[in-house]
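Asker: take this sequence and fold it.
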Amino acid sequence: MNIIYFNIAIRYLFSKKRINIVNIIVVLSIISFSISTFSLSIILFIFSGLENLSKNFFYKNYPDISISFFDEKKLFTDDLMTKIKLKSIKGIEKFSRSMKINIILEDDNKKKHFLYLKGIDPQYENVVKNFKKVDLINFNKNFKEKNYFPIYIGLTSMSHFFQGLPLLYDNYNNKKINNSSDILFMELPSMKLIFLLYKNGKHFFIQKKIFIKGLFHFGKMNDSGHIFCDILEIQNLMKNKCFQTIDIKVNNNVNVTKVKKNLKDKLGKEFNIKSREDQEESFHKIVKTEKIFIYFLFSLISLITAFNLYSAIFILQLDKKEQIFLLWSFGYSKINKIFLHTGFIITVFGWFIGILLSLFVSILQNTYKIFKISENIIFPIKLTSGNLFLVTSTILTIGIIISFLSSERTTYILRN
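Answerer: Residues are numbered from 1 along each chain as shown. Alright, predicted model coming up:
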């Protein structure tokens, strides 16, 4: 019996005898469901792409594990490092020492720029995947005698702060880059550095001239606002072999969470030990919150759009009123099933077309990189089975509910 109702619903929808307002409204209902499905699926694919993009960003620009003191005034020393014996902990491949201080860059117009100076050791490039640096010229005795302070700057983001840098780079363009409370004042064009350092409860100033030892590449997001130097240069100024952070690279076949737990057991509660996942956790919370909000917003829009289906079925019921009475007189008591099937067919067609469109746009974007966030960053879209299931269940649920509510009006039409 259900097959008969289904066949009648098909004939009502796809009758070739004539095209009237009912057929037009049905087509518009299918189009509205297609647009709702396409919009909901694309926005979910984009958020999945953003999550994937952020994971790649953190993977390339952050160490697997970083260790620091909860008390920011405390610093590591070489003696403490000897006691910790990081190399004895299974799974640790390499580690690097680093120290970061706040700086203020002041140009010749007295305009101030708030930046960071980060001191790193030679192992930093091996620990942080995306960081690369290159020396322009050797820091020889001549510069040491003149008391210059050597720094590395990001060419793409910092060159406009330093006069004459493009000429300097042209002379050495055969070397290409592969893809705390401490305060420092920098004055241009004299390139004078004034350090305000904290030691033994007192602040003291050190003034030095700057020398651009080389260039670094860390991606545009990280290049901006940073200047790097060898950590020994900061330690020499402070006259103390200390540093703030230990950055760790874990072996590829070792579980990072397990290594983090071993470090906590060995070092105790005094140390702040963070994995890469901990550092990106706040970002993922923001993305997931926005994703949930957008999902409910677009679901609400889809629900409002679905009332086109309610109108289409209602007008179809009025158009087929005589046929409904005829079928009812022949003993077909469950006439409402015809319109329940009708609504379900419209929903499935709209869902199918919307999904096809979203898959086509996603594949097109991933293949030809049409849409871009910036010159080097492609707009991310990631297809996931979870998102497809979520879109399918949302659209079909809305369609079934609206179809059921509209089909129940059949009894009212028969009585009137």
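
Asker: Ser374: neighbouring residues, count only.
Answerer: Around Ser374 there are 8 other residues, counting by other C-beta atoms under 10 Å. Quick note: C-beta positions are derived from backbone N, CA and C, even for glycine.

Asker: so what's the predicted local confidence for it?
Answerer: On pLDDT, Ser374 comes in at 73.

Asker: now it: how far from Gln244?
Answerer: 32 Å (C-beta to C-beta, to the nearest Å).

Asker: how about Lys260?
Answerer: Taken as C-beta to C-beta, the span from Lys260 to Gln244 is 19 Å.

Asker: Ser275 now?
Answerer: Applying C-beta to C-beta to Ser275 and Gln244 gives a distance of 18 Å.

Asker: where does the stretch 101-250 of the chain dip in pLDDT?
Answerer: 105-113, 137-146, 155-206, 220-223 (pLDDT under 70).

Asker: tell me where it has helices.
Answerer: 124-127, 141-145, 155-158, 165-171, 220-223, 231-238 (DSSP state H, counting those that start in this stretch).

Asker: walk me through the domains of the protein.
Answerer: 2-59+282-415, 71-269 (automatic domain parsing).

Asker: report the contact partners of Ser407.
Answerer: By C-beta atoms under 8 Å, 6 or more residues apart in numbering, the residues touching Ser407 are Ile313, Asn336, Lys337, Ile338, Phe339, Leu340, Thr342, Gly343.

Asker: farthest pair within those residues?
Answerer: Across these, the longest distance by C-beta to C-beta is 12.4 Å; it joins Ile313 and Lys337.

Asker: looking only at neighbour counts, state which of those two leads.
Answerer: Legend: neighbour count by other C-beta under 10 Å for Ile313 and Lys337, higher for Ile313 (28 against 19).

Asker: so for the helix or strand containing the more buried one, mean pLDDT?
Answerer: Using DSSP states H and E, Ile313 falls within helix 307-319. Helix 307-319 comes out with an average pLDDT of 82.

Asker: that helix - contacts with which helices or strands?
Answerer: For helix 307-319, the packing partners by 3 or more C-beta pairs under 8 Å, 6 or more residues apart in numbering; DSSP states H and E come out as helix 21-61, helix 336-368, helix 385-407, helix 409-415.

Asker: how about Phe371: what's its closest non-neighbour residue?
Answerer: Phe379 (4.0 Å; C-beta to C-beta, 6 or more residues apart in numbering).

Asker: that neighbour contacts Gln365, doesn't it?
Answerer: Yes - under the criterion of C-beta atoms under 8 Å, Phe379 makes contact with Gln365 at 6.6 Å.

Asker: report the buried residues of the helix or strand Ile292 falls within.
Answerer: Secondary structure from DSSP H and E places Ile292 in helix 276-305. Going by neighbour count (16 or more other C-beta atoms under 10 Å), the buried part of helix 276-305 is Arg276, Glu277, Glu280, His284, Val287, Lys291, Tyr295, Phe298, Ser299, Ser302, Thr305.

Asker: now tabulate those in CSV and tack on distance to Ile89.
Answerer: Shown next, in CSV, are the buried residues of helix 276-305 (distance: C-beta to C-beta, whole Å):
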residue, distance to Ile89
Arg276, 17
Glu277, 19
Glu280, 23
His284, 27
Val287, 32
Lys291, 37
Tyr295, 42
Phe298, 47
Ser299, 48
Ser302, 52
Thr305, 57
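
Asker: list just the nearest of the residues you listed to Asn255.
Answerer: Glu277 (11.5 Å).

Asker: what separates the residue nearest to that closest one when sequence neighbours are not counted from Glu322, distance-wise?
Answerer: Excluding the flanking residues, the one nearest Glu277 by C-beta to C-beta, 6+ apart is Val256, at 7.4 Å. With the distance defined as C-beta to C-beta, Val256 ends up 71 Å from Glu322.

Asker: neighbour-wise, which of the two wins?
Answerer: The residue with more neighbours, out of Val256 and Glu322, is Val256; 16 against 8, by other C-beta under 10 Å.
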